[in-house]
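A.B. asks: for reference, the sequence and a predicted model appear below.
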Amino acid sequence: MASTKRGKNRDGRMSLAEHFIELRKRLFRAALGLLAGAIAGWFLAEPVMNALRGPISEIAKQQGREAMLNYGSITGAFDLKMQVAITIGVVVSSPIWLWQIWAFFVPALTRKELKYAFGFFFTAVPLFIAGGIAGWLVVPHMVALLTSFAPTEDAAIIDAKTYIDFVTKLVIAIGVAFVLPVFLVLLNFVGVLSAKSIIGSWRWAIIAIALFTAIATPAADVMSMFLLAVPMVVLYFAAYAVAWLHDRRVAKAAMKLEAELA
């Protein structure tokens, strides 16, 4: 009698209890990765804070005023350093916890689903990074413009936690926005959305992009909106091009099958 793999039944499937054991193992490894990343983030927090403090320093040079970050409580500096360290830890350890999530779900996927998942993952990650970089590039413009409304005789004393939260949320929001075209392509590949529907809604898509960039850049800085909107519009039409090529290939395969059956 043929032996079965450890942790699996004779038909190759895991029981519910074995699934929970596997999940616990993956979560434990992911938690260790996050902990190691947070420890590394503690030592990297200072240079990251110096980089985040850069736009504030530019205010003093360009506007000729005193500008600084302010900690509103005794534990404010420690709390903020912990927040920055954990954020860095999540980013630095992302290959570890993403791999653990991936390794848990991959055995349940078919070959076709696995191919789509690979394509989505290795396309979405670079786009998210590109979106984060774009968000970081517009931060100095937004900070300079927003603080320029204060009278020149006043000092710009900015709450440190509020400032870090503002920058973090902006970068993450723009990173996620850059990934949305990949969802359009994924919906097209699974047959939910056609390329014709994507291009038919291009006007609404541009309006939505303009509204998003206006909300993401509350300073209403034209340069910041331009830096965000143009790549998102390009990505939208790139998603249409990929969907069009896929629909064309599917249509040709269907016609060929019909001809063979006839």
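C.D. replies: Structure's in. What do you need?

A.B. asks: if we go by neighbour counts, what in the helix with the most length in the chain is buried?
C.D. replies: Ranked by number of residues, the top helix in the chain under DSSP state H is helix 222-261. Using 16 or more other C-beta atoms under 10 Å as the test for burial, helix 222-261 gives 224-225, 227-229, 231-232, 235-236, 239-240, 242-244, 246-247. For the C-beta atoms, the positions are set from N, CA and C on the backbone; glycine is no exception.

A.B. asks: how far off centre is stretch 44-62?
C.D. replies: Here the centre of stretch 44-62 is set off from its chain's centre by 23 Å, with C-alpha atoms, centre = their mean, to the nearest Å.

A.B. asks: now that stretch: average pLDDT?
C.D. replies: Per-residue pLDDT over stretch 44-62 has a mean of 80.

A.B. asks: okay, domains of this protein per the record?
C.D. replies: With domains defined by automatic domain parsing, the chain comprises 15-108, 112-145+172-262.

A.B. asks: about what we covered before: for the longest helix of the chain, give the mean pLDDT please.
C.D. replies: 83.

A.B. asks: name the helices or strands packed onto it?
C.D. replies: Applying 3 or more C-beta pairs under 8 Å, 6 or more residues apart in numbering; DSSP states H and E, one finds that helix 222-261 contacts helix 111-147, helix 160-189, helix 195-200, helix 202-216.

A.B. asks: want to try TSV for the ones you listed, with distance to Leu35 and mean pLDDT as columns?
C.D. replies: Below are the helices and strands packed on helix 222-261 laid out as TSV (distance: least, C-beta to C-beta, whole Å; pLDDT from 0 to 100):
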stretch	distance to Leu35	mean pLDDT
helix 111-147	22	79
helix 160-189	20	83
helix 195-200	42	87
helix 202-216	32	84
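
A.B. asks: so which of those is nearest Asn50?
C.D. replies: Asn50 lies closest, by C-beta to C-beta, to one member of the helices and strands packed on helix 222-261: helix 160-189, at 12.8 Å.

A.B. asks: got the buried residues for that closest one?
C.D. replies: Of all the residues in helix 160-189, those buried under the rule 16+ other C-beta under 10 Å are 160-161, 163-164, 166-167, 170-171, 174-175, 177-182, 184-189.

A.B. asks: and what of stretch 104-114?
C.D. replies: Those would be Phe104, for stretch 104-114 by 16+ other C-beta under 10 Å.

A.B. asks: one step back: wait, which of the domains of the chain is closest to Ala156?
C.D. replies: Ala156 sits nearest to domain 15-108 of all the domains of the chain, at 4.1 Å, using C-beta to C-beta.

A.B. asks: quick one: end-to-end distance for that closest one.
C.D. replies: Distance across domain 15-108, first residue to last, is 13 Å (C-alpha to C-alpha, to the nearest Å).

A.B. asks: on that earlier part again, any idea which of the buried residues of helix 222-261 is closest to Ile207?
C.D. replies: Of all those, Ile207 sits closest to Ala229, with 10.9 Å by C-beta to C-beta.
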